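**Q** Have a look at this fold, sequence not included:
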């Protein structure tokens, strides 16, 4: 708990064994692990999703093949995205003592820290994180937010509102792409959705080829919005048994349609496996926003997608954070436990 990765990186002359990646935890063709896609991660113009059938078809194709896309013209100015990057660096550049004022509790995800250690043989990620509940408003626990930084809170709150709006646009577009009523996925959110912000710091690692910033996994949310850094890349997506790098596109958001949406779409949309590599020389900071229904509410395949020819593939489930993290740290996919 008290040894954050940035401290380990600064003071150790030998890689701790707990961080060394294991071959049996790998997925896909690791001999071609840094390949570039011949066509590239799909780029979708969000501003066209309400007016262009061809852009809607491109969205559906992206999600059924890659499970992710680069969103452009999404309505958030590049200058504001720079503010989000700025406050992320602001936090991780605080002194160790200041950051530890936000330290998470031992068995809690929210706050500042690194991996929750659930077993003696668990491989640890080369990253420090700040998890914050940002929606619903009454679930914010401000004791984990950076103290005495009103600018941080103002930017996070505004960013949360902007992401919430784009999330609704994407959910409606995904429904229309399947010829469904546009609110059918939103209806499963209930009266209040949940959003978690995760600020990720990947320190440079002299043994970069032996560690992972994040283990291979799929996200437990419905939609994940990732703001990448402008220069240092590291995100990779698994497709057809091979890892492909996800470039940082200027002013774009990388959007994954993930586990809960795969369930709601009865397997039509694919939740992509992804991982993060680290650099031997440069730090990397990213911000992920996880959008999902309230965890008190069951989700399941939309009725209109279940027919004699396309039977139900998933059970109705309550997809809690605890359920997801337990599977993640054990190197298994939560969604596999939801299949019929």
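**A** Done, it's in. Owing to the predicted nature of the structure, the values given are computational and were not obtained by experimental measurement.
**Q** all contacts plus neighbour counts: C-alpha atoms, from now on.
**A** Fine.
**Q** Now do the SS call for residue 21.
**A** Using DSSP: H, G, I helix; E, B strand; the rest coil, the structure places residue 21 in coil.
**Q** quick one: it from residue 334, how far?
**A** 21 Å (C-alpha to C-alpha, to the nearest Å).
**Q** And residue 135, by the same measure?
**A** 23 Å.
**Q** cool, residue 87 as well?
**A** Taken as C-alpha to C-alpha, the span from residue 87 to residue 334 is 32 Å.
**Q** what does residue 4 give?
**A** In this view, residue 4 and residue 334 are 27 Å apart by C-alpha to C-alpha.
**Q** Run through the stretch 51-200 of the chain and note the low-pLDDT ranges.
**A** Applying pLDDT under 70 to the stretch 51-200 of the chain flags no residue at all.
**Q** all strands in it, in order from the N-terminus.
**A** Taking DSSP state E, counting those that start in this stretch as the test, the strands found in the stretch 51-200 of the chain are 68-72, 111-113, 128-135, 193-202.
**Q** if we compare those, which one ends up closest to residue 256?
**A** Set against residue 256 and scored by C-alpha to C-alpha, the strands of the stretch 51-200 of the chain come closest in strand 68-72, at 4.3 Å.
**Q** For the closest one, name the packing helices and strands.
**A** Judged by 3 or more C-alpha pairs under 8 Å, 6 or more residues apart in numbering; DSSP states H and E, the packing partners of strand 68-72 are strand 43-45, helix 53-65, strand 253-257.
**Q** Could I get these in JSON lines, plus columns for mean neighbour count and distance to residue 291?
**A** Formatted as JSON lines, the helices and strands packed on strand 68-72 follow (neighbours: other C-alpha atoms under 10 Å; distance: least, C-alpha to C-alpha, whole Å):
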{"stretch": "strand 43-45", "mean neighbour count": "19", "distance to residue 291": "19"}
{"stretch": "helix 53-65", "mean neighbour count": "19", "distance to residue 291": "17"}
{"stretch": "strand 253-257", "mean neighbour count": "25", "distance to residue 291": "10"}
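**Q** possible to save those as CSV with distance to residue 230?
**A** Formatted as CSV, these follow (distance: least, C-alpha to C-alpha, whole Å):
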stretch, distance to residue 230
strand 43-45, 17
helix 53-65, 23
strand 253-257, 11
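**Q** I'd like to know which of these is closest to residue 119.
**A** Closest among the helices and strands packed on strand 68-72, using C-alpha to C-alpha: strand 253-257, at 28.7 Å.
**Q** For that closest one, which helices and strands make contact with it?
**A** Packed next to strand 253-257, using 3+ C-alpha pairs under 8 Å, 6+ apart, are strand 68-72, strand 223-227.
**Q** Between strand 223-227 and it, find me the angle.
**A** 160 degrees (axes from the mean of the first three to the mean of the last three C-alpha atoms, to 10 degrees).
**Q** After strand 253-257, heading C-terminal, what element do we hit next?
**A** The first helix or strand that comes after strand 253-257 along the chain, using DSSP states H and E, is helix 259-264.
**Q** any idea which helix or strand comes after that following helix?
**A** That would be, after helix 259-264 and using DSSP H and E, strand 274-276.
**Q** contacts for the helix or strand just after that following strand?
**A** The helix or strand immediately downstream of strand 274-276 is strand 284-293, counting by DSSP H and E. For strand 284-293, contacts defined as C-alpha atoms under 8 Å, 6 or more residues apart in numbering pick out 85, 88-89, 163-164, 167, 188-190, 192-204, 221-229, 232-233, 260, 278.
**Q** Report the buried residues of the top helix by length along the chain.
**A** In the chain, taking DSSP state H as the definition, the longest helix is helix 150-177. By neighbour count on 16 or more other C-alpha atoms under 10 Å, the buried set for helix 150-177 is 152-153, 155-156, 159-160, 163-164, 166-177.
**Q** what helices or strands is that helix leaning on?
**A** By 3+ C-alpha pairs under 8 Å, 6+ apart, helix 150-177 packs against helix 53-65, helix 78-92, helix 184-187, strand 284-293.
**Q** Out of these, which is closest to residue 237?
**A** Of those, nearest to residue 237 by C-alpha to C-alpha is helix 53-65, at 11.4 Å.
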